[in-house]
Each structure stands twice: as C-alpha cells, then as structure tokens.
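Participant: Just to be clear, the model below is a prediction. Sequence and coordinates:
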Amino acid sequence: MAKATGSFVEKHGLWTDTQARAAPGVARRIAREGLEVVRFAFADQHGVPRGKALVGSAAVTAMREGVHMVSTVLLKDTSGRTAWPVFTSGAGAGKAGGMDDFQSASDVVLVADPTTFHVLPWADKTGWMLCNAYFTDGRPVPFDTRAIMQRALARLGGAGFNFVAGLEVEFHVFRLENPRLALSDGGWPGEPPEVSLLQTGYQLLTEQRYEQMEPALALLRRDLIKMGMPLRSMEIELGPSQCEFVFGTGSGIAPADMMVLFRNAAKQILRRNGYHASFMCRPKIPHVMSSGWHLHQSLADPKSGKNLFMPVAAAQGKPARQGAPEGATKAVPKAVPRTATRTATRASHSGAAHYLSQTGVHYLAGLLAHAQGAAAFTTPTINGYRRYRPNSLAPDRAIWGSDNRGAMVRVVGAAGDATSRVENRAGEPAANPYLYMAAQIFAGLEGIAHQRDPGPSADVPYETAAPRLPASLPEALAALGDSACMREGFGDAFVEYFIHIKRAELARFEAEVSEWEQREYFDIY
C-alpha cells in the first residue's frame, strides 16, 4: 500500500500502488478534456450508486482528500428510509451492537478508486469514479459491499485462484409516457412512471422484435462501447419489451464494477431519451416475463491466466489431471483444516468431472451446498422470488445440470475447452453485484476446502429430489441467518446488518393493503 503523510489517502495508506499510479493520469485527463463535473459514486448496500458530483477543479483534490458523505446512506432500505434510529444510543442496535460509528448521522469519507475512472458519453463534460467508504479516522466502513468483495477476492487469491466472471443480464425497456412528476406523486417512495411497450408478443430472438427495440438499444450500445465495456450481444428475450445484454468475461472486481456501471448507464441513457429501463425482476405489467441475471464464473491461475475449471483429458488408464495452480492449497478459508485441501478423486464419480476439473467440481458443489444461505444475496428483493416457477427457465432447487437451463447451476465444459465454466441462474438483475459475487466466492471456496461432491447431473430439474431454494425473502433471510458459511465469509456483523435492512423492507410490505386484498375482501365482507 502507498503510505505517506499528507492527504487523507496518503495518511491512512488507502490506495494500492496501482491506484496511486493511476491517479495522476485521471487528473491530467480531467484537465485535458475540460471536464466540468466528476461524479464520485458509491454503490450502496443495494448496489445502487449514490454519491456526490464535484466540479472538475475540486475533483482532483478530492481524489486524495476524500469526499464526505452522511453515514445514514448505508442504513437505508430500498425506499430510502433509514432503518435504524440513529439519534439514539448506539443507533438503537441494542445488544446486537456494532452501530456506534453511525450514531448521530456522522460522516463517512468516500475515497475514489482512480482505476475505475470513466468519461460518461451521455453526460456533457462529466467524469465518474467508484469509491470505497471509510470512517473519518481511516478505518474501512464494515458495511461497504465493494470492500467486502475485495476481501473475498483477497481470500481467493490467498488460496491460489483468480475470479473470472461473465455477465448475462435480462431487463425491460419501455417507452416513457408519463414520468409522474406531479406534486401528489412525490411519495416515499414516489409513484413509478407510466410506460408503454416497445414490442408485443412472445417472440424469442426474432429479427422483427429486435428491429422494433433497436432505436433504444442502439443508444445504450454505442455509449457502453465508448466506455470500453466488453459488450458482446444484445438479444430479444421472450417477454414483451424484454431484452438481454451479454458481456465478455473479466477478472477480479471488474465484473462487479461493470454491473454497477451498466445498470447506471442503462437507466440514465434511456431516461434522457424518453425510455425507462427497469432491472426489477418481475414488473407489474400484463403478460410480463421475469428477468434473471445469469452469472458465468470460473477460477483462473493468477500467473498464467489458465482456466482452472477446464478438465484435462486423461491418459489411457490414468486419472485426468485436474487444473489447479501450483501452491493453490497453501491458503484456505479460515477455520478449515489444511488436510481438507488435499487432492481428491471422490467427486469424479458425481459426473461433473466429465465437464469440469476437480477444482471446478468442488467449487460447483460449494455453490449448491450453500445456495439457500446465499439466496438473500442472489435474490435480495421481495419481488425476485416471484420468478421461481416450475418449468420457467428459473430454478426452484439447488441442483446442477450439464448445459441444462432449468437447473440452478448450468455446467458448460469439456476437456480442452478454455471456456469451461459454471453458470448460476438463480440471481435477479437487481442484486448487489458485490454481494452476489462474494457469496459465490465464499461458497465455492468452502466447497474446495471440504472437497464437496455436487452429486449427479439433473436431467429433469423440476422433478429431481433436491433441497429447495427459498420461496420468499423471509425464508432466504432465515437461511442466511443459519448459514455458517455465509457468516464466516461476510462476518456476523454484516449478516445481522443486512437482515435488519431487509426486515425493515418486509415490515413496510406487510403493512400495505395490496390490490389482491382489496379485490378479494372489500365486496364480499
């Protein structure tokens, strides 16, 4: 870490050498391109970017001094309501504790990561950087989800692996008819906009439907490419006004950062042009189809970049060599005995070894073993659980299948196939990318450490006997609270913090009188 006396960043050694080297280049670019505004963005607990916009001249100094922000931003549910009484002792946390630093709505400091700098093509003379949050004495804020993923990646790196992920994101694009900006619409939350469809019917991947959506998708495509994002395809999904964007793979924290920027870009670019992008899993519109976020993932050798999920063809009469880097077992998750990392062959009997290396097999098994505990991170909204329906291309149980899109984890791989990977299909597009991916890393590492076996492939995924995924957010929160793996990875304090916020959302939901209740009971009783 770069340490020195002087600025807030230097005093507390908050930048890596790579970040410190990148900062002067960002400052030069701000000056060279005459940027008038730089947005310092912080991905909150829901993965929603918040932060402050500074004028260009102030932004250069703020990179090193940080940007102060009220700490209650980290304590809000999805409506923007603060879920703790911050003006009471210990912020009202009681015996749970851990909230003293947030009492009285004190400040935290946003420290930019210069390696995430972008010039936003859709906003005039505007730059953008992602930040991490620190207390004013330089301590990291424990509820900063980007920092949590960075810790997960450090643990993975200590075990001899690099995380590789590709994004496949479904979402809806509508024409904006009425933004609902009347004074009476300004509730908490405000009224959602009125929208109309860009195309109708259920026509997967049709040219005609793509042509109807192309004017909107082109706006997004051009600016994403200008920012250097590895966009591969824009596809028409099954539902009306539903599409999917697929991105090439990235490593480390880059895929999670990219998801934050992509959702932010989609909503801002399209809104400026009279459209509304929604990453809500199942919007309340007629004939809707649910949207998912399929996370493709593998592990790589940090030195060579070799895909360590790729199985190597066995010589006749000898077991296949399993892709794992030299020294990959030197570091293991805390509290796991070193003997648990010895090379194993028992998982090869599960059938997954036909498609994945031994490392990949164990990682896959970890995802399945801890799918219930991770569900609150893969599907963090009340609405997201409406997607899990039989024969819907969305999973309802923790199983894997070879190239099977009905299974929770679709496995794609073969000997010599450098794209060998697992695809978790449980996620919703509203998930916080850092928590989604960190949960995968913690679960996969536990599977590797304990040499877990994923069992046989499920050819009939909606009929195979297997542990059910949580059917609601309350079930998911209960599973998270009971998960030793998630608690060990995220820490007890974060798990309790996350559950508290989500229970605040549930309490508001349960207090509302729904349209169903009104229709069902108002007349008959």
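Facilitator: Received, thanks.
Participant: only C-alpha atoms for contact and neighbour calcs from this point on.
Facilitator: Will do.
Participant: what's the average pLDDT for stretch 111-129?
Facilitator: Mean pLDDT, stretch 111-129: 98.
Participant: sorry, that was for stretch 448-455
Facilitator: 96.
Participant: Please report phi then psi for residue 170.
Facilitator: Here is the backbone geometry of residue 170 (degrees, to the nearest 10): phi -100, psi 140.
Participant: what's near enough to touch it?
Facilitator: 237, 242, 243, 244, 245, 279, 291, 292, 293, 429 (Cα atoms under 8 Å, 6 or more residues apart in numbering).
Participant: Assign a three-state SS to the closest residue in space to the fifth one that isn't next to it in sequence, would you?
Facilitator: Taking Cα to Cα, 6 or more residues apart in numbering, and ignoring the residues beside it in sequence, residue 245 has residue 234 as its nearest neighbour in space, at 4.8 Å. Using DSSP: H, G, I helix; E, B strand; the rest coil, the three-state assignment for residue 234 comes out as strand.
Participant: per-residue pLDDT, residue 234?
Facilitator: On the pLDDT scale, residue 234 is placed at 97.
Participant: Can you give me the separation between it and residue 209?
Facilitator: Distance, residue 234 to residue 209, using Cα to Cα, to the nearest Å: 12 Å.
Participant: The two: who's more crowded?
Facilitator: More neighbours surround residue 209 than the other of residue 234 and residue 209, with 23 against 19 (other Cα atoms under 10 Å).
Participant: Please identify the helix or strand for that one.
Facilitator: Element membership for residue 209, per DSSP states H and E: helix 207-226.
Participant: So which residues lie in contact with that helix, not counting its own?
Facilitator: Under the criterion Cα under 8 Å, 6+ apart, residues 120-122, 173, 198-199, 203, 231, 234-236, 241, 262, 265-266, 269-270, 275 lie in contact with helix 207-226.
Participant: could you pull out the helices for the stretch 401-525 of the chain?
Facilitator: For the stretch 401-525 of the chain, helices defined by DSSP state H, counting those that start in this stretch occupy the ranges 433-449, 473-482, 484-490, 492-511, 515-521.
Participant: Same question for the stretch 101-250 of the chain.
Facilitator: Going by DSSP H, counting those that start in this stretch, the stretch 101-250 of the chain shows helices at 145-158, 207-226.
Participant: check contacts around the nearest residue to residue 205 once chain neighbours are set aside.
Facilitator: Leaving aside its sequence neighbours, residue 205 sits nearest to residue 236 (Cα to Cα, 6+ apart; 4.7 Å). Applying Cα under 8 Å, 6+ apart to residue 236 gives the contacts 203, 204, 205, 206, 209, 210, 242, 243, 244.
Participant: and the third one, how many residues sit next to it?
Facilitator: Okay, so that is residue 205. 14.
Participant: distance of it from residue 275?
Facilitator: 21 Å.
Participant: hang on, the earlier thing: in the sheet, who's paired with the residue nearest to residue 205?
Facilitator: On the basis of DSSP bridges, residue 236 is bridged to residue 243.
Participant: Against residue 195, how distant is it?
Facilitator: Distance from residue 236 to residue 195, by Cα to Cα: 19 Å.
Participant: Residue 465 now?
Facilitator: 42 Å.
Participant: More neighbours: the two, which one.
Facilitator: residue 195 (17 against 12).
Participant: Run through the bridge partners of the more buried one.
Facilitator: residue 176.
Participant: Just to check, it is in contact with residue 173?
Facilitator: No: assessed by Cα atoms under 8 Å, residue 195 is found out of contact with residue 173, at 9.3 Å.
Participant: Need the residues touching each of these two.
Facilitator: residue 276.
Participant: any idea what sits nearest the residue positioned nearest the centre of the chain, other than its immediate chain neighbours?
Facilitator: The residue lying closest to the centre of the chain (Cα atoms, centre = their mean) is residue 433, at 1.3 Å. Ranked by Cα to Cα, 6+ apart and with sequence neighbours excluded, the top spatial neighbour of residue 433 is residue 256, at 5.0 Å.
Participant: list the contacts for the one you found?
Facilitator: 433, 434, 437.
Participant: can you check residue 482 too?
Facilitator: residue 373 are the contacts of residue 482 under Cα under 8 Å, 6+ apart.
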